[in-house]
Structures are given as C-alpha cells and as structure tokens.
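Visitor: Structure, please.
(one chain, ligands or ions: 2)
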Amino acid sequence: MPALVHPPFPDNIPTHPLLVIDFALLKAKDPQEIDRLWEAATKLGFWYLKNHEAEEEVAKMFDLGAEAMLLPLEEKLKFDQGIDGSSAGYKAAGSNMVDASGEKDTVEFWNISKNDALAWPSHVHRTYPELLDRNMPTIIRPFVQKSLNVNETILGIFNDRLGLPKGTLESLHPVEEPSGCEARIIKNPPMPHNDQKRGIGAHTDFGSLSFLHNRLGGLQVLAPTSDTWQYVKPLPDHAICNIGDALSIFSGGILRSNMHRVLPPPGAQSAYERWSLVFFTRPGNSKVLRALVEASPIIATSVTSKPEKNFDTETTAKDWFARRIKYQRVANRKGPETWMSSRGTEADPAAI
Ligand SMILES: O=C(O)CCC(=O)C(=O)O
Ligand SMILES: [Fe+2]
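Guide: Numbers count the residues shown, from 1 in each chain. Ligands and ions are numbered 1, 2, ... in the order given. Below is the predicted model:
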C-alpha cells in the first residue's frame, strides 16, 4: 500500500507555484474562479484543483493499484499493453524510452480504459486480471465517473471561454465512443539517493485533460517562464490538472499543453515508493485533431497569429495516440528517430 506517512517535501528546493482552483466555485460558475482557471490554462496549462469530490475514490484506487502491482510479473505481463500502440493494460518498468538516446523509464503502470470500466462486465478494448475486473464496478468505475464529471465541467468552461457553440468540446469527447480515455496507476520504485533517473521522460500529455493525484514529489514542469525544470509540490487532497495536446490543438494553441516529466522524489522522499494516479480525458477515436477555426472566431484569430504552427494534423485521435505510445516503446526503437516519431506538440526540441 502506498505509504501514508513519509518525509515532507523538502523546503529548500525550488518549486513551480500553481494556481489553486476551487472546483466547488467552478461548479457554481463563479466568474472570478473561472477567470483564474482560464489564466492557469492559457499561461502554464497546469493548476491545482481542490474540493474535486473524488478524494475517497482516489484513496481506494491507490489501494487497489498497490494490490494490482503486487501480482507476479509473469501474471502482469499477460496483460501487457503490447508494442502496436494500444494503451490499455500493463506496462512494465523499462519498456518505454525517456529520451532520444533510448534510456529506459523506471515506472510500471496499469492503464484501465474508461470504455471498459463503463461497459463492465463487458469489455470494449481488452480484459484485465481478476483483481481489477472484480473491483471494476465498486472502485474503478466510481473513480472514472467522478473524474469524468470534473473534466467535463472544466471542458464546458473552456468551451464557453473559447466562444464555441454550446456542447462543441463535449461532442468531441462522447462518453460512449471508444477512446483513449483511461485511468492510470503508476509506481516508481525507491531510487538510490540523488539518482536522477527519469521515471517518465519529458512529454506533453496526448489527450485533452489530465486529472492527476500524487503524494510524493517528482513531477516537474518546464514552464514557459523558466529555462530549468522545476518540481511541482504535491498538496494533500489537491489534484493537479493539466491540458494535453488534443485540447491545445482544438483551441488553436490558446490552451497550453506543457512539458513535464517524472523524477525520483526529492530529498528524503527518494527512499519511498512513489505512487501516482491519473485520469486522462481524450477525444473519441474518430475525432480529427485540428483547430476549431470555423466554430470560433477566437480560435481562428489565434491560429492566424501563429503561422509557424500546424494546427491541422489530418490525424484522428486514435492514430495520434497510437503513434505516440508505439514509438516510445523500447522494443520499437531503431534509433533517435523513433523517439522523435513519438513526439506531440512539444515545441522545443532542445528540451526533449
Ligand atoms: O506521476 C506523475 O506525477 C505524472 C504522470 C504523467 O505525467 C503521465 O502519466 O503522463
Ligand atoms: Fe503526463
């Protein structure tokens, strides 16, 4: 079980501050809170979210994830996500790259598809170990539903601020369409002190919105206002939310998909296992990733102001997502170009 008692995040290392957004105020359509969310989403693309109402579901998911990680490796590998760009299932430590040199990651994770959680006892994408299957209706589905509620509320706010006709962003993320939406539970093992091996390499998230929960430090962002990586300090019961590539593309770059990575926890925390839990909202598989210029003059103006950027990928969410997953797998590596093929909207190749 993830340690509930651990050393505090050190107070002598630089961190990047995030705005704290109150979900209760967002739900009440508080104009000032919506302004603050907009500021966070357009300047950095990351923010803390408090009062998100998923605290209990998150705690249960951490416990279940820990149990699922204790299954024998041989059993876990029966549910491996594979190397063809599928996401759902298990990913062993060391099977993804963290950079162009082919250095291996240190995290293992389980991805559980939203469609599978909602369709239980049927399966849309794949099957899972009995432990996860058994807990699908009682633990996983409630977490998925709470996460969907949070992300749909936020998408609705962005929809209005982007000047899109009501329901536009919602229609790009239909609950019933097969998609890459998934819950992920991640374990990074303790590292020798000062070992800076990357758990997850520098990346932007692939989809639209990520709803992240972690207890130990290790997440870092490369903020547009800084040329160094900075830790994001976990706050108890605060989720960390961020925007991914799909939403950045739909909005013509108005919403920011920011680079981040995972290092071992800093200071004395490095002696502990690091656990994190994410729910990723991603567009329906059939949706094409392109700026919604016809639907919003605000987005059209943004695209015109960034002629150097391509906001028409001519790619469906399904293909975008499969490409990014496939080419970060070590087994698919031919050379540095494989890593480059896995990249999304990451703007600054020097930082990759
Ligand atoms: O573990 C974390 O804090 C972040 C995980 C992450 O960035 C990801 O899974 O995409
Ligand atoms: Fe991420």
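
Visitor: how many other residues sit next to Asn51?
Guide: 15 (other CB atoms under 10 Å). To be clear about C-beta, it is placed using only N, CA and C from the backbone, and glycine gets the same treatment.

Visitor: Leu172 contacts Ser286, doesn't it?
Guide: No. Applying CB atoms under 8 Å, one finds Leu172 not in contact with Ser286, separated by 9.8 Å.

Visitor: quick one: which of these two has more around it?
Guide: Between Leu172 and Ser286, Leu172 has the larger neighbour count (other CB under 10 Å), namely 25 against 13.

Visitor: ok, the more buried one - contacts?
Guide: Listed by CB atoms under 8 Å, 6 or more residues apart in numbering, the contact partners of Leu172 are 250, 283-284, 287.

Visitor: just these now: which is nearest ligand 1?
Guide: Ligand 1 lies nearest to Pro283 out of the contacts of Leu172, by CB to the nearest ligand atom, at 16.5 Å.

Visitor: correct me, but that closest one touches Gly244?
Guide: No. Pro283 lies out of contact with Gly244 (CB under 8 Å); the separation is 9.8 Å.

Visitor: what's the spacing between the residue most central in space within the chain and ligand 1?
Guide: Centroid check for the chain by CA atoms, centre = their mean gives Ser210 as the closest residue, at 4.1 Å. Applying CB to the nearest ligand atom, to the nearest Å, the value for Ser210 to ligand 1 is 6 Å.

Visitor: which residue sits closest to the closest residue to ligand 1 within the stretch 101-250 of the chain in space, ignoring its chain neighbours?
Guide: With CB to the nearest ligand atom as the measure, Leu219 is the residue of the stretch 101-250 of the chain nearest to ligand 1, at 3.7 Å. Nearest non-adjacent residue to Leu219, counting by CB to CB, 6 or more residues apart in numbering: Val232, 4.8 Å away.

Visitor: How many neighbouring residues does that neighbour have?
Guide: For Val232, the count of nearby residues is 23 (other CB under 10 Å).

Visitor: Tell me, what's the model's pLDDT at it?
Guide: Val232 is assigned a pLDDT of 98 by the prediction.

Visitor: Is it in contact with Val221, as I believe?
Guide: Yes. Here Val232 reaches Val221: they are 5.9 Å apart, a contact under CB under 8 Å.

Visitor: any residues in contact with both of those two?
Guide: Both Val232 and Val221 are contacted by 16, 46, 260, under the criterion CB under 8 Å, 6+ apart.

Visitor: and for Pro283 and Gly244, which residues touch both?
Guide: 207-208.

Visitor: What is the distance between the biggest helix by length in the chain and the centre of its chain?
Guide: In the chain, taking DSSP state H as the definition, the longest helix is helix 141-161. From the chain centre to the centre of helix 141-161 is a distance of 14 Å (CA atoms, centre = their mean, to the nearest Å).

Visitor: And for the host helix or strand of Glu74, what's in contact with it?
Guide: For Glu74, the host element (DSSP states H and E) is helix 73-77. Helix 73-77 has contacts (CB under 8 Å, 6+ apart) with 68-69, 90, 92, 108, 129.

Visitor: Can you flag the buried ones in those residues?
Guide: Among the contacts of helix 73-77, the ones that count as buried by 16 or more other CB atoms under 10 Å are 68-69, 90, 108, 129.

Visitor: Show me what the mean pLDDT comes to for the longest helix of the chain.
Guide: pLDDT averaged over helix 141-161 gives 98.

Visitor: do stretch 37-46 as well
Guide: Mean predicted confidence for stretch 37-46 is 98.

Visitor: Enumerate the positions of stretch 133-147 that are buried.
Guide: Buried, per 16+ other CB under 10 Å, within stretch 133-147: 133, 135-136, 139-144, 146-147.

Visitor: centre of the chain versus that stretch, how much separation?
Guide: So, by CA atoms, centre = their mean, the centroid of stretch 133-147 is 18 Å from its chain's centroid.

Visitor: and the end-to-end length of it?
Guide: 19 Å (CA to CA, to the nearest Å).

Visitor: Same question for stretch 274-291.
Guide: OK, stretch 274-291 end separation, CA to CA: 37 Å.

Visitor: before we move on, the earlier item: near ligand 1, which of the buried ones among the contacts of helix 73-77 show up?
Guide: Applying CB under 6 Å from any ligand atom to the buried ones among the contacts of helix 73-77, one finds that nothing falls near ligand 1.
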